[in-house]
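>>> Sequence unavailable; structure follows:
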């Protein structure tokens, strides 16, 4: 266990009407991992279980050999940062929003940010290209800019593990690629371990080292994009016909959907 960076051991969690059962999963330090699966398969439920937003029913989650349940909220926040699917866009300045990432490092009676807090926040705002917006309200930013601000706040926590719940789901393709390019750079340059829920199978294939496929509350399979994204696996889990090919530039799998019209035309 001590040799594994992040490990989920026989983990079960859930709520009335839905339960994740018997999840076993290990992540290597510095890896880029994607969680995929149909709607309602348990992807976001797993995140809520990991972060203790819903109760653990069985098993445990370990970070560097330590059970997360035994860590204080402050210790967890110093090691794991979360970027939610929906970014909080209250009437708050971008700079103040990002500085909230330093709260896990504040002393009990510290009411104001230190010079060091500002330096770290500005560093990650520069890295995510939102420093130029520091005096704007979060509500004045575009969807892509809000996501970058949320990532900057998460990085300001200086975590070792970054959890992202569908960070590209409400963005156009330009901003999707920009966000994932940023995450890929952070992963490689900072050795930041990334675990991301993502719907787009082609983006997941292109950016992730490992894919974890969920179906009906269970971990269906995991492995490299080449191992997971076979046409028979996708058709079985998503219950829709697909064609798989290889991207000639990256050599990663590419998924093509087969429409009803295509099926009819192929039989004419």
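All right, it came through fine. Keep in mind that what you see is a predicted model, and the values were worked out from it rather than measured.
>>> show me where pLDDT drops low in the protein?
Within the chain, the ranges that satisfy pLDDT under 70 run 1-3, 105, 108-112, 262, 265-268.
>>> Just the strands from it, written as ranges.
Here the chain has its strands, by DSSP state E, at 6-15, 18-27, 32-36, 56-63, 66-67, 80-83, 161-165, 193-197, 210-215, 218-223, 242-246, 253-257.
>>> Can you point out the buried residues in the fourth one?
Spelled out, it's strand 56-63. 56, 59, 61-63 (16 or more other C-beta atoms under 10 Å). All C-beta atoms are positioned from the backbone trio N, CA, C, and that covers glycine.
>>> which residues touch the closest residue to residue 124 other than its chain neighbours?
Ranked by C-beta to C-beta, 6 or more residues apart in numbering and with sequence neighbours excluded, the top spatial neighbour of residue 124 is residue 155, at 4.1 Å. Residues counted as contacts of residue 155 (C-beta atoms under 8 Å, 6 or more residues apart in numbering) are 81, 101, 124, 127-128, 162, 186, 192.
>>> Repeat the analysis, applying 10 Å as the threshold.
Contacts of residue 155 were listed using C-beta atoms under 10 Å, 6 or more residues apart in numbering, and they are 81, 83, 98, 101, 120-121, 123-125, 127-128, 162, 186, 190, 192.
>>> Buried ones among these?
Among the contacts of residue 155, the ones that count as buried by 16+ other C-beta under 10 Å are 81, 83, 98, 101, 120-121, 124-125, 127-128, 162, 186, 192.
>>> can you redo these as JSON lines with distance to residue 18?
Formatted as JSON lines, the buried ones among the contacts of residue 155 follow (distance: C-beta to C-beta, whole Å):
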{"residue": "81", "distance to residue 18": "26"}
{"residue": "83", "distance to residue 18": "23"}
{"residue": "98", "distance to residue 18": "34"}
{"residue": "101", "distance to residue 18": "31"}
{"residue": "120", "distance to residue 18": "39"}
{"residue": "121", "distance to residue 18": "37"}
{"residue": "124", "distance to residue 18": "35"}
{"residue": "125", "distance to residue 18": "38"}
{"residue": "127", "distance to residue 18": "37"}
{"residue": "128", "distance to residue 18": "34"}
{"residue": "162", "distance to residue 18": "26"}
{"residue": "186", "distance to residue 18": "32"}
{"residue": "192", "distance to residue 18": "30"}
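>>> Provide the count of other residues in contact range of residue 40.
13 (other C-beta atoms under 10 Å).
>>> coming back round to it: tell me the most buried of the strands of the chain?
For those, the largest average neighbour count (mean count of other C-beta atoms under 10 Å) is found in strand 32-36, namely a mean of 25.
>>> Can you check what angle separates that one from strand 210-215?
Angle, strand 32-36 to strand 210-215, by axes from the mean of the first three to the mean of the last three C-alpha atoms, to 10 degrees: 20 degrees.
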